[in-house]
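S.K.: coordinates only, sequence not included:
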């Protein structure tokens, strides 16, 4: 499992034919003779894909509707760590120590054994693990690959999404070619979530971490590389991704020879493609229109609780509206939003029983208890929100009023905020419409802007140039998966790599640090619960809901099993078992 904290859900998952080949492009920094690797065009593969389910069955091919494009396949790179990149490029292509099943349970995978003590983490690689690098003799996965992977996480020149846990390692000792002993300065309790994504060191020689897998998962010659059940043979931005079976994989032989992920960014178009037989499976972000598919003959519809936290980010940095730095403004915004009515509108027909999230650390996934509802004190209370605003501002309404046009002015600044989120997503369009009306009724104006996911995640969030943004974080079975979104941004120490809101509370940082090193689970939980309470008190975010994972597929497809753990790779966690 790789630490990945937000996704492109239209986090949200997402890629027969022809062999990949290197194509000319910009030179990679520091390589001299190497060019930017790229996969073969998607159109070359798509031209050979049968157009009916029956013909695809006969050809052992499956077409998966891909809801959003990827910004790259390097999931440890901060601007590429996206859900659909994980679906197409993580466990189907690049493996790690553990695989996480559909219920969030860890199973040894690339590693045959992992042992953690207060002083060291010892990993032994399974003897039959090899790299498939097209056009090259197969290479064993070695401890040198693990050493290289750790070095990439700790290189200050690399735009790493999170160094959490890796920054507790001081060095390593190689034992033969299959065992590596990492030495801690302090233990990292969530060690199972480390080294979930191992790089092929020899194949990446001369390439820059920040760019090497922008357009493929390949070596420095542009040919695909994999130690999973599939490899990425074709990819074109704005079109799709093709996976083909890896002949050198150590696990169960894939039941499909090819999976084509066809980009369909509109939910209604996905639904029609599913009903019309153009695609064989979809993993759509939850939308009310999906109710059309629940009882359609020949389709299997699955909805399970997900490790996904839909939320609002506030910008605390200089590019955001300065009013958002005031706790009372964030509190007023929270109390002006009826999250219960939003959830009913979104999920009443497709995933009933959803409730607002009120604990930013422990309330997502199938095992959430609903305890410690720290954020509940900011539940919908528009009259309280008005009273709070009246203490600091002028010119707003005296009572909550539908279609109100009186906007508060606070310290000479209008209570008017840019609201950014992804386009082509009915769920977020509904959210924007409901909350724009509700906040407008108490004198706070939202100016929604919908944009392509690549722009929102690739440009807007990393530049900190927004006031409020709605998107989703992918959690993990362990709370430390959220570390990088709450830690104070510290580029020198590679901390807070995904803290796009620039929130900073040093006490929260201290609690996260303590929890990360605490091997006693009771004490560790106490640290993280207190951090969750402080984050809620600060209204650092507005947690909305835990989005369910929905998987719809042809009933003739066997082996597909929905996963509530998209922190791994969504539905492709067991792609090798899919078959007609």
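M.R.: Ah, there it is. Bear in mind the structure is a predicted one, so any value in this text is a computation, not a measurement.
S.K.: when you work out contacts or count neighbours from here on, use the C-alpha atoms and nothing else.
M.R.: Fine.
S.K.: can you list the low-confidence ranges for the stretch 1-150 of the chain?
M.R.: Applying pLDDT under 70 to the stretch 1-150 of the chain flags the ranges 1-35.
S.K.: verify the stated contact: residue 224 with residue 231.
M.R.: Yes: contact status for residue 224 versus residue 231: in contact at 6.4 Å, counting by Cα atoms under 8 Å.
S.K.: between those two, what contacts are shared?
M.R.: By the contact definition Cα atoms under 8 Å, 6 or more residues apart in numbering, residue 224 and residue 231 are jointly contacted by residue 217.
S.K.: which residues of the chain fall in helices?
M.R.: Taking DSSP state H as the test, the helices found in the chain are 42-46, 53-59, 83-89, 143-154, 267-276, 327-335, 339-347, 382-392, 426-440, 453-455, 461-463, 483-486, 506-517, 521-538.
S.K.: in TSV, list these along with mean neighbour count and distance to residue 187.
M.R.: TSV is the format used below for these (neighbours: other Cα atoms under 10 Å; distance: least, Cα to Cα, whole Å):
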stretch	mean neighbour count	distance to residue 187
helix 42-46	21	44
helix 53-59	15	49
helix 83-89	30	28
helix 143-154	20	16
helix 267-276	18	44
helix 327-335	22	35
helix 339-347	19	39
helix 382-392	18	44
helix 426-440	20	40
helix 453-455	19	37
helix 461-463	16	30
helix 483-486	24	16
helix 506-517	19	5
helix 521-538	18	12
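S.K.: quick one: which of those helices is nearest residue 237?
M.R.: Closest to residue 237 of those is helix 42-46 (Cα to Cα; 8.6 Å).
S.K.: so which other helices or strands are in contact with the closest one?
M.R.: Helix 42-46 sits against strand 230-236, strand 240-245, with contacts defined as 3 or more Cα pairs under 8 Å, 6 or more residues apart in numbering; DSSP states H and E.
S.K.: closest one to residue 393 among those strands?
M.R.: Proximity of the helices and strands packed on helix 42-46 to residue 393 was assessed by Cα to Cα; the nearest stretch is strand 240-245, lying at 49.8 Å.
S.K.: what strands flank that closest one, and is each parallel or antiparallel?
M.R.: For strand 240-245, sheet partners with direction are given as strand 230-236 (antiparallel), strand 258-263 (antiparallel), following DSSP bridges.
S.K.: pick the most buried one from the ones you listed.
M.R.: A comparison of the strands paired with strand 240-245 by mean neighbour count, using mean count of other Cα atoms under 10 Å, puts strand 230-236 on top with a mean of 29.
S.K.: give me the distance from that strand to the chain's centre.
M.R.: Chain-centre distance of strand 230-236: 20 Å, with Cα atoms, centre = their mean, to the nearest Å.
S.K.: same check, this time on stretch 266-283
M.R.: Taking Cα atoms, centre = their mean, one finds the center of stretch 266-283 at 22 Å from the center of the full chain.
S.K.: give me the mean pLDDT for it.
M.R.: If you average the pLDDT over stretch 266-283, you get 94.
S.K.: okay, how far is it across that stretch, tip to tip?
M.R.: Stretch 266-283 has an end-to-end distance of 12 Å (Cα to Cα, to the nearest Å).
S.K.: tabulate the strands paired with strand 240-245 (CSV), appending mean pLDDT and distance to residue 316.
M.R.: Compiled in CSV, those are given as follows (pLDDT from 0 to 100; distance: least, Cα to Cα, whole Å):
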stretch, mean pLDDT, distance to residue 316
strand 230-236, 98, 36
strand 258-263, 98, 34
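S.K.: find the nearest non-adjacent residue to the residue of the chain positioned farthest from its centre, please.
M.R.: For the chain, the C-alpha lying farthest from the average C-alpha position belongs to residue 398; by Cα atoms, centre = their mean, that distance is 41.6 Å. Across the structure, with Cα to Cα, 6 or more residues apart in numbering as the measure, the residue nearest residue 398 apart from its sequence neighbours is residue 386 (7.3 Å).
S.K.: distance of that neighbour from residue 441?
M.R.: Applying Cα to Cα to residue 386 and residue 441 gives a distance of 10 Å.
S.K.: quick one: common contacting residues for these two?
M.R.: Listed as contacting both residue 386 and residue 441 by Cα under 8 Å, 6+ apart are 397, 400.
S.K.: of the helices of the chain, which is nearest residue 77?
M.R.: Residue 77 sits nearest to helix 143-154 of all the helices of the chain, at 9.0 Å, using Cα to Cα.
S.K.: now do the closest one: distance to the chain's middle.
M.R.: 22 Å.
S.K.: repeat that for stretch 449-465.
M.R.: For stretch 449-465, the gap between its own C-alpha mean and the chain's C-alpha mean amounts to 15 Å (Cα atoms, centre = their mean).
S.K.: what's the closest non-adjacent residue to residue 328?
M.R.: Among residues not flanking residue 328 along the chain, residue 388 sits closest, at 6.9 Å (Cα to Cα, 6+ apart).
S.K.: do you know how far that neighbour is from residue 156?
M.R.: Between residue 388 and residue 156 the computed distance is 44 Å (Cα to Cα).
S.K.: swap in residue 311?
M.R.: Here the distance between residue 311 and residue 156 works out to 30 Å (Cα to Cα).
S.K.: these two: which has the busier surroundings?
M.R.: Under the criterion of other Cα atoms under 10 Å, the comparison of residue 311 against residue 156 puts residue 311 first, with 19 against 13.
S.K.: what about residue 282, how many neighbours?
M.R.: The tally of other residues near residue 282 (other Cα under 10 Å) stands at 27.
S.K.: name all residues that make contact with it.
M.R.: The neighbours of residue 282, taking Cα under 8 Å, 6+ apart as the test, are 64, 65, 66, 270, 274, 551, 552, 553.
S.K.: kindly report the same for residue 444.
M.R.: For residue 444, the contacting residues are 333, 407, 408, 415, 416, by Cα under 8 Å, 6+ apart.
S.K.: so how far is residue 331 from it?
M.R.: The value you get for residue 444 to residue 331, if Cα to Cα is used, is 12 Å.
S.K.: ranges for the strands of the stretch 151-300 of the chain?
M.R.: Counting by DSSP state E, counting those that start in this stretch, the stretch 151-300 of the chain has these strands, from start to end: 169-175, 179-184, 225-226, 230-236, 240-245, 258-263, 281-282, 299-304.
S.K.: residue ranges of each domain in the protein, please.
M.R.: By the assignment in automatic domain parsing, the chain contains the domains 42-303+548-577, 308-546.
S.K.: tabulate those domains (a markdown table), appending distance to residue 36.
M.R.: Formatted as a markdown table, the entries for these read as follows, by distance: least, Cα to Cα, whole Å:
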| stretch | distance to residue 36 |
| --- | --- |
| domain 42-303+548-577 | 7 |
| domain 308-546 | 19 |
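S.K.: right, so the ones you listed: which one is the most enclosed?
M.R.: Using mean count of other Cα under 10 Å, the stretch among the domains of the chain with the greatest mean number of neighbours is domain 42-303+548-577 (a mean of 21).
S.K.: endpoint to endpoint, it covers what distance?
M.R.: Between the opening and closing residues of domain 42-303+548-577 we find a distance of 24 Å, counting by Cα to Cα.
S.K.: stretch 87-101 too?
M.R.: Distance between the two ends of stretch 87-101: 14 Å, counting by Cα to Cα.
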